[in-house]
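>>> need a structure here:
(one chain, ligands or ions: 2)
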Amino acid sequence: MDLPLRTYLIETYGCQMNERDTETMAGILESLGYVPVEKEEDASIILLNTCSVRESAENKIWAKMGELKKIKQKNPDVILGICGCMPQQEVTIQKIKQSYPHMDLVFGTHNLHQLPELLAKAQAARKMVVEVLHNNPGVIIENLPSRRADNLKAFVTIMYGCNNFCTYCIVPYTRGRERSRMPEDIIREVEDLAAKGYKEITLLGQNVNSYGKDLEVEIDFAGLLQQLNRVNGIERIRFTTSHPKDLSDRLIEAIASLEKVCEHIHLPVQSGSTAILKKMNRRYSKEDYLHLVEKLKNAVPDIAITTDIIVGFPGETEADFAETMDLVEKVRFSAAYTFIYNKRSGTPAAEYNDQVPEDVKSQRIQHLIDRQNQITLEENLKDIGKTLEVLVEGPSKTNPEFFSGRTRTNKIVVFRGNSDLIGRLIPVRIANAKTWHLEGEII
Ligand code: SAM
Ligand code: SF4
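Ligands and ions are numbered 1, 2, ... in the order given. Model (predicted):
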């Protein structure tokens, strides 16, 4: 079968923000007549949507750019592009120019809407086109086309950028300062999703708790949740990420009282040591965090709390790490994303001279993962015998007689079912629990 002339492939690395940007770029390309393909050799445009949070992610992307050279040699007409967080750093652009001259197009996180003109330039010029805005222009472009990856659950970006400058983190440098979308634009997008049959939305921002602070209209995140809770057709509202320093009582009250807002919060703690939290510029103490958890558990008794933890931040002693383990015991997270501290050049912590040796970091993370996995399983075992509401997503990858979906607490449940159930909210009685999923039967 002959392939259409205009085909594209976008490879996405990193967080949900990047996944959402990929949906926008896919929408733009489809509005220009491009169709998606799965193999690189079939694509007339290949875009790498990149992540800079850790060096391992960047290394994968450098290797991928090297491999793309072979594709270019076989098909000189293919347009090879790199976008997302990596090109926001000047050193990356220099390295691409010097060592990867087969790339045609380099653009940044603030240039997505310019994709049609950048593409046309790259096609006409036949030399590398570089367009990266380093200073956040402060403008949000609404109504860009979008090709969503799923037809049941959707990401909705409510704000861009970050103002927090945690000392380990590259994001404020690659994504710019906080900019909130206008509430009416968000509500319109969610109403449109509901009309298309979407059941669940996840509101995205690096720190959703500071939503609205930069707007002239009177609105905060709790207020936005109240408005979105009224959109007919949407059954579940999730959000990520919440910075503990900005988690207000008003927001806890909104989570507790709004029936569509799910009983799950991703609340990255990063460390259990108050001294390390201070060096990280997180602006809360271990006690502040534990107090927040207590308030959340009191207000929403079945809430599942997940987190991010970094081990081996510069200066982290055995005593500091013991504080992290103690916090993990006290909170009993339902899951934790654990990271070994990784130097990111341009961030303050990369310059600290008390870096922790790699072998110590590896031992600590293994200890943390082992204990957290036990806690995750123990917490899951508590669900046995309960009947939980599950949004059915689709057949299990390994056995077509089994289906899977998620609870309101964001746990995966596997059960015997059929494809008529997809997209429905059903009660499932939990019969068994594993570390990464629950097993149940429909009642
Ligand atoms: N805005 C979110 C927040 O504050 O929780 C997180 C965004 S960041 C993309 C996701 C996670 O990556 C962070 O919570 C942190 O645990 C981890 N991370 C960021 N920079 C890191 C670094 N230099 N080394 C290791 N982990 C890092
Ligand atoms: Fe990075 Fe901190 Fe901003 Fe999250 S809040 S994106 S960790 S600087």
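>>> contact partners of the lengthiest helix in the chain?
Counting by DSSP state H, the longest helix found in the chain is helix 358-381. If you take Cβ atoms under 8 Å, 6 or more residues apart in numbering as the criterion, helix 358-381 is touched by 304, 309, 311-312, 316, 321, 324-325, 328-329, 332-336, 338-341, 411, 433-436, 438. Just so you know, the C-beta spots here come from the backbone N, C-alpha and C atoms, and that holds for glycine as well.
>>> list only those of those residues flagged as buried.
304, 309, 311-312, 316, 321, 324-325, 328, 333-336, 338-341, 411, 433, 438 (16 or more other Cβ atoms under 10 Å).
>>> restrict the residues you listed to contacts with ligand 1.
For ligand 1, the contacts drawn from the buried ones among the contacts of helix 358-381 by Cβ under 6 Å from any ligand atom are 339, 341.
>>> mind listing which of the buried ones among the contacts of helix 358-381 are in helices?
Counting by DSSP H, the part of these found in helices is 321, 324-325, 328.
>>> quick one: mean pLDDT for stretch 302-313?
Across stretch 302-313, the average pLDDT comes to 97.
>>> stretch 257-271 now?
98.
>>> so can I have JSON lines of the ones in helices among the buried ones among the contacts of helix 358-381 showing distance to residue 9 and pLDDT?
Formatted as JSON lines, these follow (distance: Cβ to Cβ, whole Å; pLDDT from 0 to 100):
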{"residue": "321", "distance to residue 9": "42", "pLDDT": "98"}
{"residue": "324", "distance to residue 9": "40", "pLDDT": "98"}
{"residue": "325", "distance to residue 9": "43", "pLDDT": "98"}
{"residue": "328", "distance to residue 9": "40", "pLDDT": "98"}
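>>> switch the residues you listed over to a markdown table; also include distance to ligand 2.
Shown next, in a markdown table, are those (distance: Cβ to the nearest ligand atom, whole Å):
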| residue | distance to ligand 2 |
| --- | --- |
| 321 | 19 |
| 324 | 16 |
| 325 | 21 |
| 328 | 19 |
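>>> that older thread, which of the residues in the longest helix of the chain are buried?
361, 364-365, 368, 372, 375-376, 379-380.
>>> got the residues of this structure near ligand 2?
Checking the chain against ligand 2 by Cβ under 6 Å from any ligand atom, the hits are 162, 164-166, 169, 171-172, 206-207, 243.
>>> could you pull out the helices for the stretch 101-250 of the chain?
115-125, 171-175, 183-195, 221-228, 249-257 (DSSP state H, counting those that start in this stretch).
>>> which one of the ones you listed lies nearest to residue 37?
Distance to residue 37, taken as Cβ to Cβ, is lowest for helix 115-125 among the helices of the stretch 101-250 of the chain, at 16.4 Å.
>>> kindly report the residues of the stretch 1-150 of the chain close to ligand 1.
So the stretch 1-150 of the chain meets ligand 1 at 15, 53-54 (Cβ under 6 Å from any ligand atom).
>>> just for the stretch 1-150 of the chain, where's the confidence low?
Applying pLDDT under 70 to the stretch 1-150 of the chain flags the ranges 1-2, 136-138.
>>> check what pLDDT residue 397 gets.
83.
>>> following the longest helix of the chain, which helix or strand comes up?
Remark: after helix 358-381, the chain's next helix or strand is strand 387-395, criterion DSSP states H and E.
>>> I figured residue 204 hits residue 20, correct?
Yes. Counting by Cβ atoms under 8 Å, residue 204 does reach residue 20; the two are 6.2 Å apart.
>>> which residues do these two both contact?
Counting by Cβ under 8 Å, 6+ apart, the residues touching both residue 204 and residue 20 are 155, 157.
>>> what's the offset of the longest helix of the chain from the middle of its chain?
Distance, stretch centre to chain centre, for helix 358-381: 22 Å (Cα atoms, centre = their mean, to the nearest Å).
>>> any part of it near ligand 1?
No. Helix 358-381 stays out of contact with ligand 1 when judged by Cβ under 6 Å from any ligand atom, the minimum separation being 10.0 Å.
>>> tell me the buried residues in stretch 208-224?
So, applying 16+ other Cβ under 10 Å, buried residues of stretch 208-224: 208-212, 219-224.
>>> got it, and stretch 81-94?
81-89, 92-93.
>>> stretch 273-282 now?
Within stretch 273-282, the residues that count as buried by 16+ other Cβ under 10 Å are 273-277, 279-280, 282.
>>> and the stretch 201-350 of the chain, which residues reach ligand 1?
So the stretch 201-350 of the chain meets ligand 1 at 206-207, 241, 243, 268, 270, 308, 310, 339, 341-342, 344 (Cβ under 6 Å from any ligand atom).
>>> please repeat the previous calculation with a cut-off of 8 Å.
Residues of the stretch 201-350 of the chain lying close to ligand 1 (Cβ under 8 Å from any ligand atom) are 206-207, 241-243, 266, 268, 270, 308-310, 337, 339-344, 347, 349.
>>> ok, residue 13 touching residue 57?
Yes. Taking Cβ under 8 Å as the definition, residue 13 is a contact partner of residue 57 at 5.6 Å.
>>> what about residue 77, neighbour count?
Using other Cβ atoms under 10 Å, residue 77 has 9 other residues around it.
>>> which helix or strand contains it?
Under the criterion of DSSP H and E, residue 77 resides outside all helices and strands.
>>> name the nearest residue to it, sequence neighbours excluded.
Sequence neighbours aside, residue 44 is the residue nearest to residue 77 in space, at 6.9 Å (criterion: Cβ to Cβ, 6 or more residues apart in numbering).
>>> then residue 401?
Closest to residue 401 by Cβ to Cβ, 6+ apart is residue 416, at 6.0 Å.
>>> cool, residue 106 as well?
Residue 106's closest residue in space is residue 130 (Cβ to Cβ, 6+ apart), at 4.5 Å.
>>> residue contacts, that neighbour?
87, 93, 97, 106-107.
>>> who's in contact with residue 416?
Contacts of residue 416 (Cβ under 8 Å, 6+ apart): 401-403, 441-442.
>>> tell me what it is bridged to.
Beta-bridge partners of residue 416, counted by DSSP bridges, are residue 402.
>>> isn't residue 208 right up against residue 238?
No. Judged on Cβ under 8 Å, residue 208 makes no contact with residue 238 at a distance of 10.3 Å.
>>> any idea how far residue 316 is from the residue in the stretch 201-350 of the chain that ligand 2 sits nearest to?
The minimum distance from the stretch 201-350 of the chain to ligand 2, using Cβ to the nearest ligand atom, falls at residue 206 (4.0 Å). Distance, residue 206 to residue 316, using Cβ to Cβ, to the nearest Å: 23 Å.
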